[in-house]
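Enquirer: Model the following, please.
(one chain, ligands or ions: 1)
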Amino acid sequence: MKVLIAGGAGFIGSTVASRLLDAGHTPVVIDNLVTGRREFCYGRIFHEGDVADAATVDHVLRHHPDIEAVVHCAALIVVPDSVSRPVDYYRANVAATLEFVDRLLAHGVRRLIFSSSASIYEPGPDLAVDEASPLRAGNPYAHTKLVVERMLADIAASSPLRVLSLRYFNPIGADPALRTGPQLPTPSHALGRLVHAHRTGVPFPLTGLDWPTRDGTGLRDYVHVWDLATAHLRALERFDRLFTADGPRHTAVNLGTGTGTTVLELVSAFNALVDDPVAVVEAPRRPGDSAGAYTRSRLAWDLLGWRAERDLAAGIADSLAWSRRRELLLPDHPADDLRQAERAQRASAR
Ligand SMILES: O=c1ccn([C@@H]2O[C@H](COP(=O)(O)OP(=O)(O)O[C@H]3O[C@H](CO)[C@H](O)[C@H](O)[C@H]3O)[C@@H](O)[C@H]2O)c(=O)[nH]1
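Expert: Prediction:
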């Protein structure tokens, strides 16, 4: 099957592309490289461009009329950034998706998987959520995901498009074959910061110790990115069976492990795997942060035949292995940072 992956040069999109390749499918990547990496597309079908650019998307779809489904992972994803740059986030995540879907419809695309997020839930006191839990996004990033889910549901209701929103919990790890992984030298997510702290010797900041969790630190459901990628594969293989003729044309499925882990528990699990443990310091809550959530849903199993198979230790081990590989594969040159900044500026000026 030929599958268009928007954002296929980013962390999750590139892993999905590897998973599809390993299963004998053909990913076609479109990515504007604002945060994605060209190196992740070597040897793959790759079109550089923005999903908001009709000419680029038209070109790709005309060039590959045999594309059977689209996976849309292209987005800006850093929560505190979204608080300070909401216009950029709405433009990149909402406005660009609308333009993209307009072209997908024009070319008769009927199957779309959207990278959504568990951050759109309003969890109850036990922090466990399923797909029927109340939705209330607590920061601009999460708002963009919620808005797009609703937008896609409305569009699907009156078009041949069927949409599966996959609500990711917190992806960790890397492709176990180390072809790709988190691309930023200093990622903002907790495990990335832990790896960074381990490499530099700078203590890891515990950002918030007064959350309503068992030890006061934020709780998340950390799911291995390779497991996430496998969920996309299963979803693509079963896509047409997910939708009945007269049922809803948009459906959402949680992708998590079902286990909540606090930041202090994550630090302990990390330190159990390294020779020289990371020190921690207390720090204030981050803008837009939340207590977190974990999934209690079986829907991914029932609908996709998928459940997470890799544990937290595997995710940490693969993150550590990737950070060493990353230094070789994606050396950080000051010129890269400059080019990255210029691309980001061009994208936000559009
Ligand atoms: O240096 C850090 C970084 C994070 N945390 C804590 O670790 C927990 C998890 O934080 P992450 O940033 O790893 O996870 P989030 O769920 O807050 O955000 C992640 O998931 C989001 C979607 O839900 C976005 O994708 C975002 O970019 C990604 O980092 C939170 O309690 C946070 O306060 C720390 O203690 N120290």
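Enquirer: show me what contacts G7?
Expert: By Cβ atoms under 8 Å, 6 or more residues apart in numbering, G7 lies in contact with 13, 30-31, 36, 51, 72-75, 115. In this view, the C-beta of every residue, glycine as well, is placed from N, C-alpha and C.
Enquirer: Any chance of the residues you listed in TSV with neighbour count and secondary structure as columns?
Expert: Listed next are the contacts of G7 as TSV, based on neighbours: other Cβ atoms under 10 Å; DSSP: H, G, I helix; E, B strand; the rest coil:
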residue	neighbour count	secondary structure
G13	29	helix
I30	30	strand
D31	27	strand
G36	25	coil
V51	27	coil
H72	26	strand
C73	26	coil
A74	27	coil
A75	26	coil
S115	27	strand
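Enquirer: and of the residues you listed, the nearest to the ligand?
Expert: The nearest member of those to the ligand, counting by Cβ to the nearest ligand atom, is A75 at 8.5 Å.
Enquirer: Please report phi then psi for the residue nearest to that closest one when sequence neighbours are not counted.
Expert: Distance criterion Cβ to Cβ, 6 or more residues apart in numbering; nearest residue to A75, sequence neighbours excluded, is N93 at 4.8 Å. The phi/psi pair for N93 (degrees, to the nearest 10) reads phi -100, psi -40.
Enquirer: Wait, N93 touches H72, no?
Expert: No: if you go by Cβ atoms under 8 Å, N93 and H72 don't touch, sitting 10.2 Å apart.
Enquirer: What are the boundaries of the helices in the stretch 101-250 of the chain?
Expert: 140-157, 190-200, 225-238 (DSSP state H, counting those that start in this stretch).
Enquirer: I'd like these as JSON lines, with mean pLDDT, distance to P123 and mean neighbour count appended.
Expert: Output for the helices of the stretch 101-250 of the chain, formatted as JSON lines (pLDDT from 0 to 100; distance: least, Cβ to Cβ, whole Å; neighbours: other Cβ atoms under 10 Å):
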{"stretch": "helix 140-157", "mean pLDDT": "98", "distance to P123": "12", "mean neighbour count": "20"}
{"stretch": "helix 190-200", "mean pLDDT": "96", "distance to P123": "18", "mean neighbour count": "19"}
{"stretch": "helix 225-238", "mean pLDDT": "98", "distance to P123": "20", "mean neighbour count": "22"}
